[in-house]
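**Q** Sequence and predicted structure are below.
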Amino acid sequence: MKNIFLISIVWFVFISKVVGEEVSINVGSYSIKGTLEIPKADQAMDAVLIIAGSGPTDRDGNNRLLGSSNAYKMISELLLKQGIASLRYDKRGIGANENTVEEKLTIDMYINDAVEWIKYLKKDKRFSRIIIIGHSEGSLVGMIAARITDADKFISLCGAGKPIYKTIEEQVVVRDKLSSELTKQFNCIVDSLRLGHTVKNVNTEFKMLFNPSVQPYLISWFKYDPCVEIAKLKIPSLIIGGTTDIQIQVEDAEALSKCSSSSRLAIIEDMNHVLKEVPTLEKEINLLSYLNPELPLSYELSKELIGFLKE
């Protein structure tokens, strides 16, 4: 089967011609830019919207704080070779887009932006089914936008299966083994944000995570429970997790799958958070893949994506 899959990819390299378009939409007065990749075809084809993860992650999957992985660009290239169109875009204030006022940013803006991109694709006669792929934070954004717009399919890549404040607690308090005093301070900040109140005095240990400028965004994000949201989604869904993901646990994918009545679960051995094959959870080694834009996507991930999309 592996050889057949590889032959299929190679075949499409030769027969597919790229019609790449730099596109943009206006959401209110704000212009959001993206890249639309379309294989040459004589009939309508599926189109996939790729929604980026958290932080300053651009349309290609590169993060100015963590490095360049090119993960989303590689997904687009994979889809193109299989005769599937894709659209990936920069979030507000990222990449080719204008800066945005951080204090005014909310996750609901990201959801609305995704909704508008889906509407954009639905208006295009070249496309038949519209499928959403959401990575990390984009999983939550994507599942909500997919429901609002009646998209045809949804794929969650390394998405949280619990409210994000619980994920942050796992990443910061548990894994970093905070002292009891710092844990107390952390919990006080989270409790305040969950109640919708910003915190002025933040310990320097938490300055990057709970900077006052990002607190309004966290308040908007904390109110969502991915399990509650995916339970509302009734379209065919694929939930994917990786065993060497050091940011989101396999249990998160399992939780999302249990909450969804229309999903299939795929746990990919040795796949990490940036969708690359890395056979270790050791942080220093795992993070090297975040800096390697030439490292290919996990082969098993590619197989799962194409198998689901071709159904």
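**A** Ah, there it is.

**Q** for S237, what are its contacts?
**A** 143, 153-156, 230, 260, 262-264 (CB atoms under 8 Å, 6 or more residues apart in numbering). Every C-beta, even on glycine, is put in place using the N, C-alpha and C of the backbone.

**Q** Just the ones of those residues in strands?
**A** 153-156, 263-264 (DSSP state E).

**Q** Would you list the buried entries among these?
**A** 153-156, 263 (16 or more other CB atoms under 10 Å).

**Q** and the closest residue to A41 other than its chain neighbours, which of the three is it?
**A** Of all residues not flanking A41 in the chain, G83 sits nearest, at 6.5 Å (CB to CB, 6 or more residues apart in numbering). Classification of G83 using DSSP: H, G, I helix; E, B strand; the rest coil returns coil.

**Q** E169 too?
**A** From three-state DSSP, the assignment for E169 is helix.

**Q** Was I right to think it contacts I189?
**A** No - look at E169 against I189 with CB atoms under 8 Å: they stay out of range, at 11.0 Å.

**Q** In terms of neighbours, single out the busier of these two.
**A** I189 (21 against 18; other CB atoms under 10 Å).

**Q** quick one: contacts for the residue most central in space within the chain?
**A** Central residue of the chain (CA atoms, centre = their mean): H135, 1.7 Å from the mean position. Contact analysis of H135 by CB under 8 Å, 6+ apart lists 50-53, 61, 71-72, 157-159, 275.

**Q** Kindly reformat these as a markdown table containing pLDDT.
**A** Shown next, in a markdown table, are those (pLDDT from 0 to 100):
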| residue | pLDDT |
| --- | --- |
| I50 | 98 |
| I51 | 98 |
| A52 | 98 |
| G53 | 96 |
| G61 | 96 |
| A71 | 97 |
| Y72 | 98 |
| L157 | 98 |
| C158 | 98 |
| G159 | 98 |
| L275 | 98 |
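
**Q** so what pLDDT did the residue of the chain most remote from its centre get?
**A** No residue in the chain sits farther from the centre than E181, which is 33.4 Å out by CA atoms, centre = their mean. Note for E181: predicted pLDDT of 94.

**Q** which outside residues touch the host helix or strand of K166?
**A** Using DSSP states H and E, K166 maps to helix 164-169. Helix 164-169 has contacts (CB under 8 Å, 6+ apart) with 137, 140, 160, 186, 190, 193-194, 209, 218, 221-222, 224, 248, 252.

**Q** sorry, back to before: so how far is the helix or strand where the residue farthest from the centre of the chain lies off the chain centroid?
**A** Using DSSP H and E, E181 falls within helix 180-194. Chain-centre distance of helix 180-194: 27 Å, with CA atoms, centre = their mean, to the nearest Å.

**Q** What is whichever helix or strand comes after it packed up against?
**A** Toward the C-terminus, helix 180-194 is succeeded by helix 215-222 as the next helix or strand (DSSP H and E). Helices and strands touching helix 215-222, as assessed by 3 or more CB pairs under 8 Å, 6 or more residues apart in numbering; DSSP states H and E, comprise helix 107-122, helix 164-169, helix 180-194.
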